[in-house]
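Asker: Return a 3D structure for these sequence lines:
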Amino acid sequence: MDVDVPPLIETFSLMGSYEIDAIDIINESPCVLKRENVMSLMRAANQKLRVVDINDSYFGKDFLRDLSYNGLMCQVLNLRSSHI
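Answerer: A predicted model of the protein is given here:
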């Protein structure tokens, strides 16, 4: 749920040099998440982001545009979309 995302964003932002090697963001849930929350979560994970596996059918073209213009620091990006 979207209410769970802001605490994760705050935690990721504060973790800095903690002994966490990598973060994977995988959304297999049918729930609808806000595009802004998902982007903020990925940006907060920053260089520790390893795998992103999401379905952007809920986010639309703006989400894809933001990814293409601003990039994303991750090793693997699995993106399923009906907009491509």
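Asker: And the strands in this protein?
Answerer: Taking DSSP state E as the criterion, the chain contains strands spanning 23-26, 49-55, 76-80.
Asker: excluding its backbone neighbours, what's nearest residue 39?
Answerer: residue 66 (6.1 Å; C-beta to C-beta, 6 or more residues apart in numbering). All C-beta atoms are positioned from the backbone trio N, CA, C, and that covers glycine.
Asker: actually residue 50, not the one I wrote
Answerer: residue 22 (3.8 Å).
Asker: Check the one you found and give its pLDDT.
Answerer: Note for residue 22: predicted pLDDT of 89.
Asker: burial measure for the residue nearest to residue 39, as a count.
Answerer: 17 (other C-beta atoms under 10 Å).
Asker: One more: residue 63?
Answerer: 20.
Asker: Please apply the same query to residue 49.
Answerer: 22.
Asker: isn't it right up against residue 20?
Answerer: No - using C-beta atoms under 8 Å, residue 49 is not in contact with residue 20; the gap is 11.0 Å.
Asker: got the contact list for the spatially most central residue of the chain?
Answerer: Closest to where the C-alpha atoms of the chain average out (C-alpha atoms, centre = their mean) is residue 42, at 3.5 Å. The neighbours of residue 42, taking C-beta atoms under 8 Å, 6 or more residues apart in numbering as the test, are 25, 49, 52, 72, 74.
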